[in-house]
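Peer 1: Task: produce atomic coordinates for the following.
(chains A and B)
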Amino acid sequence: MIFWTAAGIVYLSAVDDWQVYAKPLEQVKSWYEDIRQDFRQAGNVRAEGTLWRTVSGEEGITVSGAEGEVSSVPEGPFLPRAGGETSPVEEGSSLPGAGGETSPVTEGSSLPGAGGETSPVTEGSSLPGAGGEASPVEEGSSLPGAEGAASSVPEDNPASSAGFPDGGGPAGTSPETSEAAGEAAYHTVEDDYFADAVFIGDSRTVGMYEYGGLEETADFYASTGLTIYKMFDSEIVTVEGQRKKISVEQALTRKSYAKIYLMIGINEMGTGTVESFAAAYKEAVDHLLELQPDAILYIQGIIKVSTERSEQGDYINNEGIEARNEALSQLADNERVFYLDVNPVICDESGGLEPSYTFDGVHLKAQYIDLWKTYLKEHAVIYESN
Amino acid sequence: MVFSSIEFLLCFLPLFLLLYAVTPRYMKNAILLAGSLVFYAFGDPGHLWMLIVSVAVNYFLGLHLARGARLKGKDKKQKKKKLEYKRKILLATAIAGNIGVLAIFKSGIMAGGLPLGISYYTFRILSYLIDVYKGEETKETSFLRLATYIAMFPQLLSGPIASYGEVREELYEREFSARNIQNGLKIFTAGLVFKVLLADRLGLLWREVQVTGFESISTPLAWLAAAAYSMKLYFDFYGYSLMAVGLGQMLGFSLPSNFKNPYMAGSVRHFYRRWHITLGRWFSRYVYIPLGGNRKGEWRTLFNLLCVWLLTALWHGNTLNFLIWGMMLWALIVMERQMERLGAGKLFSHGPLKVFPHLYLWFVIPISWMCFAITDLPQLMTYLGRMFGVVEGIRVSTGDWKKALMNYGALFAVGGFACTPALQKLFRRFKDSLPGMLLLIALFWLCVWRLQVEGQNPFMYLSF
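Peer 2: Below you'll find the predicted structure:
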């Protein structure tokens, strides 16, 4: 028993810093503050002696101001103090309710991971909400994604109109393409197109590797949980005749490719903001182009999650993904860097991953990986490097 | 609140034990009941009232069912007959009422989901009522004691389904001591380790297969995943039961054990005498034997078994796959009985042939668990089809099972070892020695650490 407790104390001090208890304690403290607050208010009201104020007193925010005014008028000694104390606490508790009060606690006290994770999410989902949320939806509904972009190509470049899957109407150019420097000319290609390609990414790309039928053709630097932040340093590439895996950075310096496909970003949803993510992504893109001067780079928009998964209430949600995809699409210059978004092909009308295509709401089932692969084959750029 | 959660391990349990320790002896039931209600409220506050009402109503039913001890006067016989009749009606109503509520929720008519633990506490209540009716158990006059029996948190949510007789004495008088706490904690730790370090991790292979889609797994992987699920289910439930027994011991109860190395059995019949023992015992005591058991000829026995397995299937869930699961097991048991009659038992009980019954069990049980696990019928058919290579695969990666073996091989080995009685022997042998205790302590805090890491980042294992 003694050992047990001792070990527990050591564990809690060393690993956890007693945070298990800190959070509930803070919670209790805030409840206590609230209650004390209520009592004080009730006291004030009684001092005033009017009934109607008790009624309005329970309604919350509006009262605090009113009461401060009222209470400061009549009586001397302790009322101003009460009023002064009221307002700061009132501010805290009235703002976003209990949730708002607890989260700063988490942030402040410790848990750099968890704390950092919670706050940016709100930012991520709310910030671009106004602008970012609206535009991708428009995109999705007015034209079938990049096919629309593709169909606009013939206007500029009739030579490339050869193998188009069409079906996407002659709808307008999508916002990001029109903003970008030039417009991409997409062709339909066969599997051998990927012979000099490398796919870099997280578990989604692992799925492509295992079930896309390209494992013999292309190279895959993919690993579950890979993030843009640690992409180059992750030792995930196997080399023939060598037990130890080498990092993506090393692998890219050893072998050169003509095409790089990047599908990454779902694991980063919980960290950073849209801006910080896009900045890290841009840095990675620049570094990739630097390492592979002859390659073109496809930035693939993060595959969305199913609407059910999105509504689960954590940081993995489609609004966040859309916002980040919007930022990613801005990184394309349509000369060497292209943005591809497979989402319209695999999402339902609610904007989430089609439920029958997935078990966990995040990954495509093996048999539907083909949809993604076909999309890539229909959106290939033929790039002649000098 | 589940046992394997940070809230329970670091907040509820220490706090409750402290309170329980300082409570005077005659108040211990009260504090246990109060703690149990709090425990329940953490998990399912919306249905707490149902538990309370259920206990209260059944308390009075129990009192009435036990009437009839003192009969005096001339028309004693007549009165007795009348009373017997009344009691019979009352029992029938009580059973129908309890089962009815359970059935309504199980069938999903009521919105809001299944109340937590209702399958288990209903069964405990029924066993008490029937025992009282039959006169095998005297009625419990103290509401507090009965409520404590039904609602005590170690066994509240998932059993073991202890009968009232098993805990009766301890409800009156039980030993609360440091030694009991220590022993209980050891058993609890074993359960926690099974749950956190084995079940949860083996479950990942099963999950991976679901993510891939059953259409796209190779036949060997289908078998591997079925084995992983079988082990996961065992360690999940065995772990939970051990934790319950351990908690019980800490408080001074000796709860019945629920598992006895089921995967070491040689037939489905024996398997289910070693798997979820308290449930099997319940069905045997209150369904199989009242129907006549095996004393009314082979045909009647088979029918009684059918009833038991139909009810068992319904108890687990109302979807068709559970029916398939139950009927498959029933069919296997019928077959085993006929084999036995033909004298196969002797044939396989000696020499090298002894291995066949085990192989047979390891073949059929994973199949049955797949019927248990996959609620969607077309999906179930696909899975079984892939297990036997009957259904054509779509985009199957042929080497997928090698990868699974590489990732989970060690876990399979440990899990396989933990399925044998050897581990229990080791546990009993070393649990009181210093190295053994230190190991258990380390494992306990390792589990806590794991749970905490997973809690902060649910994608620790399941990162994308």
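
Peer 1: List, one by one, the residues from the stretch 201-350 of chain B near chain A.
Peer 2: Applying CB under 8 Å from any CB of the partner chain, we find that the stretch 201-350 of chain B lies next to chain A at B:207, B:210-213, B:215-216. The way it works is simple: take the backbone N, C-alpha and C, and place the C-beta from them, glycine included.

Peer 1: would TSV of those residues with secondary structure and pLDDT be doable?
Peer 2: Converted to TSV, these look like this (DSSP: H, G, I helix; E, B strand; the rest coil; pLDDT from 0 to 100):
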residue	secondary structure	pLDDT
B:207	helix	92
B:210	helix	94
B:211	helix	93
B:212	helix	94
B:213	coil	94
B:215	helix	94
B:216	helix	94
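
Peer 1: can I get the residues you listed in TSV with neighbour count?
Peer 2: Listed next are these as TSV, based on neighbours: other CB atoms under 10 Å in any protein chain shown:
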residue	neighbour count
B:207	18
B:210	19
B:211	19
B:212	26
B:213	24
B:215	20
B:216	23
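
Peer 1: Farthest-apart pair in the residues you listed, please.
Peer 2: Largest separation among those by CB to CB: B:207 and B:215, giving 16.5 Å.

Peer 1: tally of neighbours for residue A:268?
Peer 2: By the measure other CB atoms under 10 Å in any protein chain shown, the count of residues near residue A:268 is 20.

Peer 1: Okay, it and residue A:248: tell me how far apart.
Peer 2: 16 Å (CB to CB, to the nearest Å).

Peer 1: for residue B:237, same thing?
Peer 2: Taken as CB to CB, the span from residue B:237 to residue A:248 is 43 Å.

Peer 1: again, but for residue A:184
Peer 2: For residue A:184 relative to residue A:248 (CB to CB), the value is 26 Å.

Peer 1: Check residue B:14 too.
Peer 2: 46 Å.

Peer 1: now residue B:161
Peer 2: Counting by CB to CB, the gap from residue B:161 to residue A:248 is 55 Å.

Peer 1: Residue A:202 now?
Peer 2: Taking CB to CB, one finds residue A:202 at 12 Å from residue A:248.

Peer 1: List the residues that contact whichever residue of the stretch 251-400 of chain B sits closest to chain A.
Peer 2: Closest approach between the stretch 251-400 of chain B and chain A, counting by CB to the nearest CB: residue B:394, at 4.2 Å. By CB atoms under 8 Å, 6 or more residues apart in numbering or on different chains, residue B:394 lies in contact with A:366-367, B:213, B:215-216.

Peer 1: what's around residue A:234, how many residues?
Peer 2: 19.

Peer 1: Run through the residues that contact it.
Peer 2: Residue A:234 neighbours (CB under 8 Å, 6+ apart): A:223, A:226, A:247-248.

Peer 1: repeat that for 6 Å
Peer 2: By CB atoms under 6 Å, 6 or more residues apart in numbering or on different chains, the residues touching residue A:234 are A:226, A:248.

Peer 1: Please work out how many residues are found near residue B:21.
Peer 2: 12.

Peer 1: Close to chain B: what parts of the stretch 101-250 of chain A are there?
Peer 2: A:114, A:202-203, A:210-211, A:224-225 (CB under 6 Å from any CB of the partner chain).

Peer 1: Among the residues you listed, list the two that are farthest apart in space.
Peer 2: A:114 and A:211 (33.8 Å).

Peer 1: what about those two, which has more around it?
Peer 2: Per other CB under 10 Å, whichever of residue A:114 and residue A:211 has more neighbours is residue A:211, with 25 against 15.

Peer 1: quick one, phi psi at the closest residue in space to that one that isn't next to it in sequence?
Peer 2: Distance criterion CB to CB, 6 or more residues apart in numbering or on different chains; nearest residue to residue A:211, sequence neighbours excluded, is residue A:366 at 3.8 Å. Main-chain dihedrals, residue A:366, degrees, to the nearest 10: phi -50, psi -40.

Peer 1: same question, residue B:109
Peer 2: Dihedral angles (degrees, to the nearest 10) for residue B:109: phi -70, psi -40.

Peer 1: What count of nearby residues applies to it?
Peer 2: 8.

Peer 1: Now do it against residue B:322, distance only.
Peer 2: 17 Å.

Peer 1: hmm, who's touching stretch B:402-413?
Peer 2: So stretch B:402-413 is in contact with B:201-202, B:205, B:221, B:224, going by CB under 6 Å, 6+ apart.

Peer 1: same check, this time on stretch B:237-255
Peer 2: With contact meaning CB under 6 Å, 6+ apart, stretch B:237-255 is reached by B:3, B:154-155, B:158, B:160, B:162, B:167, B:170, B:174-176, B:180-181, B:183-184, B:187-188, B:190-191, B:194-195, B:199, B:258-259.

Peer 1: Sort out which residues of that stretch are buried, please.
Peer 2: B:237-253, B:255 (16 or more other CB atoms under 10 Å in any protein chain shown).

Peer 1: how far does that stretch sit from the chain's center?
Peer 2: 12 Å (CA atoms, centre = their mean, to the nearest Å).

Peer 1: per-residue pLDDT, the residue nearest in space to the middle of chain B?
Peer 2: Centroid check for chain B by CA atoms, centre = their mean gives residue B:276 as the closest residue, at 4.8 Å. Note on residue B:276: pLDDT of 95.

Peer 1: Remind me what the longest helix seen in chain A packs against, helices and strands.
Peer 2: Longest helix in chain A, counting residues (DSSP state H): helix A:19-48. Using 3 or more CB pairs under 6 Å, 6 or more residues apart in numbering or on different chains; DSSP states H and E as the contact test, the elements touching helix A:19-48 are helix A:51-57, helix A:79-94, helix A:97-109.
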